[in-house]
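Student: sequence isn't available, so here's the structure alone:
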């Protein structure tokens, strides 16, 4: 299955970076108002999912004649537009997900979306998830991950459950060797690349990996 790229209705501070990442084979999905970002890139989504409360009527009319699938939900519902998009992706069995626009003014939505992605990654080991915003990339660590970057880049390891155990790193200035990080601990914050890639492994637990590119 193709790589899927989700656009959420949050911030997209670096349009040029998004342009460099997207290719013609990617499947583009807008979570409601995220369609505005896709249009700014000069692209058209394959599908728009949500209650359309954040997609202006002018944009809806503009896209009516395009070959786009619309999956519309009522405003009163028990899932966010983003979770509805994730449900669709899991149903279609996509294996690689890139997300733009997840950062925004609604901190409650951001936290809920991060925890939702953590749950999805834990339950679906074969899925690759990456969040991109400006010079920031966020991954969900479950067992092992390799992050490519530059010497001097920062990376933080943030546990998402009670304890992250058996953590071993390579390519980072402050090396971890079969160590543990407790939930709420700041010990894993602001490590530094001393190679052009960093390998992070954990025997047990889930974590956010936040990569800040120089």
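Tutor: Perfect, I can see it now. Computed from a predicted structure; not experimentally measured.
Student: domain ranges for this structure?
Tutor: Per automatic domain parsing, the structural domains of the chain span 4-134, 141-212.
Student: in JSON lines: those, plus mean neighbour count and mean pLDDT.
Tutor: Backbone N, C-alpha and C define where each C-beta goes, glycine included. Formatted as JSON lines, the entries for the domains of the chain read as follows, by neighbours: other Cβ atoms under 10 Å; pLDDT from 0 to 100:
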{"stretch": "domain 4-134", "mean neighbour count": "17", "mean pLDDT": "92"}
{"stretch": "domain 141-212", "mean neighbour count": "17", "mean pLDDT": "94"}
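Student: identify the residue nearest the most centrally placed residue in the chain in space, chain neighbours excluded?
Tutor: In the chain, the C-alpha nearest the mean C-alpha coordinate belongs to residue 131, at 2.7 Å (Cα atoms, centre = their mean). In this structure, residue 131 finds its nearest non-sequential neighbour in residue 138, 4.0 Å apart by Cβ to Cβ, 6 or more residues apart in numbering.
Student: contact partners for the residue of the chain positioned farthest from its centre?
Tutor: Within the chain, residue 65 marks the point farthest from the mean C-alpha position, 30.0 Å out by Cα atoms, centre = their mean. For residue 65, no residue meets the contact criterion (Cβ atoms under 8 Å, 6 or more residues apart in numbering).
Student: I appreciate the help and will end here.
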